[in-house]
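**Student:** below are the sequence and a predicted model; questions follow.
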Amino acid sequence: MKILVIGSGGRENAICWQFAKNANVEKVYCAPGNEGIAKIAEIVNIPAYDLENLANFVKENKIDFTFVGPEIPLSLGIVDYFNSWGLNIIGPSKNAAKLESSKIYSKQFMNKYGIPTAKYSSFSDLNNALNYIDTLEDNKRLVIKADGLAAGKGVHICSGKGEAKNIVYKMMSEKVLGDAGNNVVVEEYIDGQELSYLVFTDGISYSLMPASQDHKRVNDKDQGLNTGGMGAYAPAPLATVELNKKVEDIVKKVICGISQEKLEYKGVLYVGVIVSNGLPYVLEFNCRFGDPETQAVLPLLETNLSDICIAILDQKLSSLQIKWKDKLSVCVVLTSGGYPESFKSGFEIKGLDNIVDNNTIIFYAGVKSVNDKFVTSGGRVVGITSVADNIEGAINKVYASVNLIHFDGMHFRRDIAWRALSGKK
Ligand code: GLY
């Protein structure tokens, strides 16, 4: 079997790594990938948005199926395009990907199918949005969301009306997010803990993966700016059997909605929930694996990912028993100093070869190879994931490996999985 993975980050490294482990997989390609992923996959120099050349590559190389990592090619309709050429591809169609690419569509879908979520209003006119915010109660937190894709910068939690109006003005009038902020959602704030539920689906049936928890803020104790994710762990103890059942009820409604709306969905659905007073509310849908959650979740997968993909393509997911290791994993992301704001690149990453633990994996993201040495080339540089029988073991292992690595300006959080530990006290 030959597989093409689209994308270039730690998530795509984890996906390639899962495929490459299977003896039935002859070759894994990754486009555009990165030079760290090149250790396990052949790198293809085609950008993730170049649908035509990606399809040509798949045809020429007789690829059995393609797996899409990031949201941009999905929102551009890569699945519809590949399907029009009869090429197998894992991901939702362009219309289904609107569950992620339009926050307004996603909220309308949730309301239509009875999916618990925060109350909201949406606006395409700046003055209407500002006047609406004026009618709301003082001193209540509000969430402002840009309707379109904004590379993780589209959601703002505001302390009150003044800040909310300021953000709306920046999005709708100053166009700080370009067209992504032409329309906005104004949402009530729900207080609680966030959980990421990743779900395999063939559009008819579904299978939940172990719930994970991302760490979005750049510094320990959830301080500082929001990032693309500083680490994750799975399964999160907050995801009790009882809570998982409630989330499964939500997922059933989503799949039913997908079917009723006649959306084509063969891939991974990310259900971001917030748990408030023991009840899950959906914050967002993503139409793909999350990053860094995938770097924590996939090392726990026992069933071959390629078998799952074949079952998804054949719409036979319900007949596959997906197995997970009875273990815990922790992923710590090492970033360039200054990230998520400006940072310098080109620093040699030392110590990677010192990691020899079989239960620890390096997932490469912002790296380049120069004179046979890896140097930094992005904000999030590498993710280190360790797997162990318990959370303390996974934390100890992962930080022992992190301490072997060094590059100038290296930054990481020292408290990944703290909620799992505090839950035990
Ligand atoms: N970890 C959040 C995301 O992948 O969008």
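**Tutor:** Nice, thanks for sending it over.
**Student:** which parts of the stretch 151-300 of the chain are helices?
**Tutor:** For the stretch 151-300 of the chain, applying DSSP state H, counting those that start in this stretch gives helices covering 161-172, 241-260, 293-297.
**Student:** which other helices and strands contact the longest one?
**Tutor:** Helix 241-260 is packed against strand 193-201, strand 206-208, strand 265-276, strand 279-286, with contacts defined by 3 or more Cβ pairs under 8 Å, 6 or more residues apart in numbering; DSSP states H and E. C-betas here are computed from N, CA, C, even on glycine.
**Student:** in stretch 296-307, what's buried?
**Tutor:** Neighbour-count burial for stretch 296-307, with 16 or more other Cβ atoms under 10 Å as criterion, is recorded at 296-301, 303-306.
**Student:** dump those residues into a markdown table; add distance to the ligand and pLDDT as well.
**Tutor:** Listed next are the buried residues of stretch 296-307 as a markdown table, based on distance: Cβ to the nearest ligand atom, whole Å; pLDDT from 0 to 100:
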| residue | distance to the ligand | pLDDT |
| --- | --- | --- |
| 296 | 10 | 98 |
| 297 | 11 | 98 |
| 298 | 13 | 98 |
| 299 | 16 | 98 |
| 300 | 17 | 98 |
| 301 | 18 | 98 |
| 303 | 22 | 97 |
| 304 | 23 | 97 |
| 305 | 18 | 98 |
| 306 | 22 | 97 |
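**Student:** and the residue of the stretch 251-400 of the chain nearest the ligand?
**Tutor:** Across the stretch 251-400 of the chain, the shortest distance to the ligand (Cβ to the nearest ligand atom) belongs to residue 290, at 3.3 Å.
**Student:** list the contacts of that residue.
**Tutor:** Residue 290 makes contacts with 11, 196, 198, 212, 214, 229, 270, 272, as judged by Cβ atoms under 8 Å, 6 or more residues apart in numbering.
**Student:** C-alpha coordinates for the one helix or strand the first one maps to, CSV please?
**Tutor:** When elements are assigned from DSSP states H and E, residue 11 belongs to helix 10-20. Once non-C-alpha atoms are left out, helix 10-20 reads as follows in CSV (Å, rounded to 0.1, in the frame of the first residue of the first chain):
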residue,chain,number,x,y,z
GLY,A,10,4.0,17.5,14.2
ARG,A,11,0.4,16.1,13.6
GLU,A,12,1.4,15.0,10.1
ASN,A,13,4.6,13.4,11.5
ALA,A,14,2.4,11.4,14.0
ILE,A,15,0.1,10.3,11.1
CYS,A,16,3.0,9.3,8.9
TRP,A,17,4.6,7.4,11.9
GLN,A,18,1.4,5.4,12.4
PHE,A,19,1.2,4.5,8.8
ALA,A,20,4.9,3.6,8.5
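**Student:** just how off-centre is the next helix or strand after it within its chain?
**Tutor:** Sequence order places strand 27-32 as the next helix or strand after helix 10-20, per DSSP H and E. In terms of Cα atoms, centre = their mean, to the nearest Å, the centre of strand 27-32 is set 19 Å apart from its chain centre.
**Student:** list the contacts of the helix or strand just after strand 27-32.
**Tutor:** Counting by DSSP H and E, the next helix or strand C-terminal to strand 27-32 is strand 42-43. Residues from elsewhere that reach strand 42-43, judged by Cβ under 8 Å, 6+ apart: 27-35, 37.
**Student:** any idea which helix or strand comes after strand 42-43?
**Tutor:** Next helix or strand after strand 42-43 toward the C-terminus (DSSP H and E): helix 51-60.
**Student:** which other helices and strands contact that next one?
**Tutor:** Helix 51-60 packs on strand 2-7, strand 27-32, helix 78-84, going by 3+ Cβ pairs under 8 Å, 6+ apart.
**Student:** deepest-packed of these, please.
**Tutor:** Mean neighbour count (mean count of other Cβ atoms under 10 Å) peaks for strand 2-7 among the helices and strands packed on helix 51-60, with a mean of 26.
**Student:** save the helices and strands packed on helix 51-60 as JSON lines, and put in distance to the ligand and mean pLDDT too.
**Tutor:** Below are those laid out as JSON lines (distance: least, Cβ to the nearest ligand atom, whole Å; pLDDT from 0 to 100):
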{"stretch": "strand 2-7", "distance to the ligand": "12", "mean pLDDT": "98"}
{"stretch": "strand 27-32", "distance to the ligand": "18", "mean pLDDT": "98"}
{"stretch": "helix 78-84", "distance to the ligand": "18", "mean pLDDT": "98"}
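**Student:** so for residue 398, which of those sits nearest?
**Tutor:** strand 2-7 (23.2 Å; Cβ to Cβ).
**Student:** can you tell me the strand partners of the closest one and which way each runs?
**Tutor:** strand 27-32 (parallel), strand 65-68 (parallel) (DSSP bridges).
**Student:** what lies in contact with the last one?
**Tutor:** In other words, strand 65-68. Counting by Cβ under 8 Å, 6+ apart, 3-7, 15, 19, 54, 58, 74, 78-79, 82, 87-91, 267, 288, 309-310, 313 sit against strand 65-68.
**Student:** can I assume residue 173 is in contact with residue 129?
**Tutor:** No: distance between residue 173 and residue 129: 10.2 Å, which falls outside the contact criterion (Cβ atoms under 8 Å).
**Student:** pLDDT score for the spatially closest residue to residue 318 that is not a sequence neighbour?
**Tutor:** Of all residues not flanking residue 318 in the chain, residue 205 sits nearest, at 3.9 Å (Cβ to Cβ, 6 or more residues apart in numbering). pLDDT, residue 205: 97.
**Student:** which residues does residue 205 contact?
**Tutor:** 255, 317-318.
**Student:** residue 373 now?
**Tutor:** 348-349.
**Student:** same thing but at 7 Å, please
**Tutor:** Residue 373 makes contact with residue 348 under the criterion Cβ atoms under 7 Å, 6 or more residues apart in numbering.
**Student:** next one: it from residue 384, what distance?
**Tutor:** Counting by Cβ to Cβ, to the nearest Å, the gap from residue 373 to residue 384 is 18 Å.
**Student:** give me phi/psi at the residue of the chain positioned farthest from its centre?
**Tutor:** Of all residues in the chain, residue 135 sits farthest from the chain's C-alpha centroid, using Cα atoms, centre = their mean; the distance is 35.0 Å. Backbone geometry at residue 135, expressed as degrees, to the nearest 10, gives phi -80, psi -10.
**Student:** from the ligand, how far out is it?
**Tutor:** Look at residue 135 and the ligand: by Cβ to the nearest ligand atom, to the nearest Å, they are 32 Å apart.
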